[in-house]
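Here is a sequence together with a model predicted from it:
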Amino acid sequence: MSALEHLPEIDNGLLRFLTCGSVDDGKSTLIGRLLFDTKTILADTLNAIEKTSAKRGMSAVDLSLLTDGLQAEREQGITIDVAYRYFSTGRRKYIIADAPGHEQYTRNMVTAASTANLAIILIDARKGVLTQTRRHSYLASLVGIPHLVVAVNKMDLVDYDQAVFERIKAEYLAFAAKLGIKDLRFIPISALEGDMIVDRGERLSWYDGPTLLDVLENAPAAHTEQAEDFRFPVQFVCRPQDSANPELHDYRGFMGRVESGEIAVGDAVTVLPSGASSRVKAIELGGERLPRAIHEQSVTLLLEDEIDISRGDLIVKSAEAPEPVKQIDATVCWLAETPLSPARTYLLRHTTREVKAKVARIDYRLDVNTLAQEETAGLAMNDIARVSLKLAQPIVADRYADNRATGAFIIIDESTNNTVGAGMIG
């Protein structure tokens, strides 16, 4: 009987998580196993991968095909882009990001990790902790993923030897001490055979901890672990033009998404960067009025006073208002093939606000393999560096460690409109 049949019907909220590690550690197979064992694969999809597996001469179904969806990936046998998959159990819904393993796709890893609340670092039991394992662990900590699970995979290829697992655990802990990771778990698994993924199996009796699904089911969802300040970037100002309805003549609603915290009718708010203050008169969602709004809800706020507000402004609680700034220090990952040029002007997009920005200085480039800080005059694709940026207009930002939404930004090339960099403030 599947372990899922014993789960109570409760809702632990949405969990976004990431799988990463070195090349061929079994990331795609692990996700395939999760989808397969939780019975979330459609019959026609299963039939298709069974046929593909047979064409390749495999005796069993190749579950990695569930995530290696691009034709180029199937031909090369590697994951070259971020593959997102969705599934649900009786307790919560999931969004999985399968990050690429190759060093030249560091930018894809950063993109996938930016919204994750948990990361699964896969390690091949035969190979132990590799350079790419360290790189992805560092990137996961850099982008603020609060929970890490180290899954020692392919235990079936080392005869489920506990000594192998303990040796890898000790080696990883010695490295992780440098990163300051707070919540770190270790699980021995076999993605191919299904041991300790959803069901415990019978070959890892020496391990008495939770299965991987148990950890996922009970992991905290985003925005639930600490009190957060209210942040509401304005996306659109709603001014209905309906001469037949006089009640709408003075309607002025500010539409957007609650990035963090919560707001209630009657709360005192401040609009930044102008500094104007008012109180919340009403909160609307889908034509209905709510007494309050919480994180990740897209709502319309109506204020008691007439205030000049436009797209890009930030509404906060008056007691939690940060100071607007025109220079920021940040860790930047360069995403573009064209190198960063300190002489150029770029567009910086922070929440819903866009301002022009120039590089004031590059403090150092980080070697993600050794964590060494190196002097550099520019950045190439996949480089990560500490950078100071001067802005033409002020933005209202938090430290990334305090708020991942208002502490992050992207850099845009004005001439091509391409996203060329991603940054974390603080």
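Arrived safely.

What average pLDDT does stretch 183-195 get?
Stretch 183-195 shows a mean pLDDT of 93 in the predicted model.

ok, now stretch 301-321?
Stretch 301-321 comes out with an average pLDDT of 95.

Would you mark the buried spots in that stretch?
Of the residues in stretch 301-321, those buried under the neighbour-count criterion (16 or more other CB atoms under 10 Å) are 301-303, 307, 309, 312-317, 321. In this view, the C-beta of every residue, glycine as well, is placed from N, C-alpha and C.

before we move on, what about stretch 412-426?
Of the residues in stretch 412-426, those scored as buried under the neighbour-count criterion (16+ other CB under 10 Å) are 412, 419-425.

Go ahead and name everything in contact with that stretch.
Contacts to stretch 412-426, defined as CB atoms under 8 Å, 6 or more residues apart in numbering, come from residues 107, 110-111, 114, 142-144, 328-336, 338, 340, 345-349, 354, 379, 387, 389, 397-402, 407-411.

tell me, which strand in this structure spans the most residues?
If each strand of the chain is counted by residues according to DSSP state E, the longest one is strand 353-367.

Next, format the buried residues of stretch 412-426 as a markdown table and append secondary structure and pLDDT.
Below are these laid out as a markdown table (DSSP: H, G, I helix; E, B strand; the rest coil; pLDDT from 0 to 100):
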| residue | secondary structure | pLDDT |
| --- | --- | --- |
| I412 | strand | 96 |
| T419 | strand | 92 |
| V420 | strand | 93 |
| G421 | strand | 93 |
| A422 | strand | 93 |
| G423 | strand | 94 |
| M424 | strand | 94 |
| I425 | strand | 95 |
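
which of the residues you listed lies closest to L216?
Distance to L216 across those (CB to CB) is lowest for M424, with 25.3 Å.

Quick check: bridge partners of that closest one?
With DSSP bridges applied, M424 shows beta-bridge pairing to T331, A408.

Measure how buried G57 is and give me the count.
G57 is flanked by 6 other residues according to other CB atoms under 10 Å.

Provide a list of residues in contact with it.
With contact taken as CB under 8 Å, 6+ apart, G57 is in contact with no other residue.

Test my guess that R361 contacts R386.
No - taking contacts as CB atoms under 8 Å, R361 lies outside contact range of R386: 9.2 Å.

Look at the residue nearest to V143 when sequence neighbours are not counted and say how many residues are nearby.
The shortest distance from V143 to any residue other than its chain neighbours is 4.5 Å, reached at A113 (CB to CB, 6 or more residues apart in numbering). If you count neighbours by other CB under 10 Å, A113 ends up with 24.

Mind pulling up the pLDDT for A113?
The per-residue pLDDT reported for A113 equals 81.

and if you look at the one 10 residues further on?
Confidence per residue is given as pLDDT, and for I123 that number is 95.

what distance separates whichever helix or strand it is part of from the middle of the whole chain?
The secondary structure element spanning I123 is strand 118-124 (assigned by DSSP states H and E). Once both centres are worked out by CA atoms, centre = their mean, to the nearest Å, strand 118-124 turns out to sit 15 Å from its chain's centre.

just stretch 20-35 next, same as before
With CA atoms, centre = their mean as the basis, stretch 20-35 stands 18 Å off its chain's centre.

what does stretch 388-406 give?
Taking the mean of its C-alpha atoms, stretch 388-406 sits 18 Å from the chain's own mean (CA atoms, centre = their mean).

Stretch 392-408 too?
From the chain centre to the centre of stretch 392-408 is a distance of 16 Å (CA atoms, centre = their mean).

before we move on, back to that, partner strands of the longest strand of the chain, with direction?
Looking at strand 353-367 with DSSP bridges, its paired strands and their directions are strand 345-350 (antiparallel), strand 372-374 (antiparallel), strand 384-395 (antiparallel).

Let's have those strands in TSV, adding mean pLDDT and mean neighbour count.
Supplementary listing: the strands paired with strand 353-367 in TSV, determined by pLDDT from 0 to 100; neighbours: other CB atoms under 10 Å:
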stretch	mean pLDDT	mean neighbour count
strand 345-350	97	19
strand 372-374	91	11
strand 384-395	96	18
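
and these as TSV, adding distance to K93?
Conversion of these to TSV gives the following (distance: least, CB to CB, whole Å):
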stretch	distance to K93
strand 345-350	28
strand 372-374	40
strand 384-395	32
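
nearest to E288, of those?
Using CB to CB as the measure, strand 345-350 is the one of the strands paired with strand 353-367 that comes nearest E288, at 30.8 Å.

and the angle for the closest one with strand 419-425?
Angular relation of strand 345-350 and strand 419-425 on a 0 to 180 degree scale: 50 degrees, by axes from the mean of the first three to the mean of the last three CA atoms, to 10 degrees.

List of residues touching strand 345-350?
Around strand 345-350, the neighbours that count as contacts under CB under 8 Å, 6+ apart are 354-358, 389, 391, 395, 397, 406, 408-414, 420-421.

try 6 Å
Outside of strand 345-350, the residues that reach it under the criterion CB atoms under 6 Å, 6 or more residues apart in numbering are 354-358, 395, 409-412, 414.

can you check stretch 318-335 too?
Outside of stretch 318-335, the residues within contact range by CB under 6 Å, 6+ apart are 107, 110, 229, 268, 270, 272-273, 277, 340, 379, 383-391, 394, 396, 420-425.

What is the end-to-end distance of it?
Start and end residues of stretch 318-335 are separated by 36 Å (CA to CA, to the nearest Å).

from the middle of its chain, how far away would it be?
Using CA atoms, centre = their mean, the mean C-alpha position of stretch 318-335 is found 19 Å from that of the whole chain.

Buried residues of that stretch, list them for me.
The neighbour-count check on stretch 318-335 (16+ other CB under 10 Å) flags 321-322, 324, 328, 330-335 as buried.

JSON lines please, covering the residues you listed and showing distance to I123.
Below are these laid out as JSON lines (distance: CB to CB, whole Å):
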{"residue": "A321", "distance to I123": "45"}
{"residue": "P322", "distance to I123": "40"}
{"residue": "P324", "distance to I123": "44"}
{"residue": "I328", "distance to I123": "36"}
{"residue": "A330", "distance to I123": "31"}
{"residue": "T331", "distance to I123": "26"}
{"residue": "V332", "distance to I123": "29"}
{"residue": "C333", "distance to I123": "24"}
{"residue": "W334", "distance to I123": "28"}
{"residue": "L335", "distance to I123": "27"}
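
What about those, which are in strands?
When DSSP E defines the strands, the subset of the buried residues of stretch 318-335 inside them is 328, 330-334.
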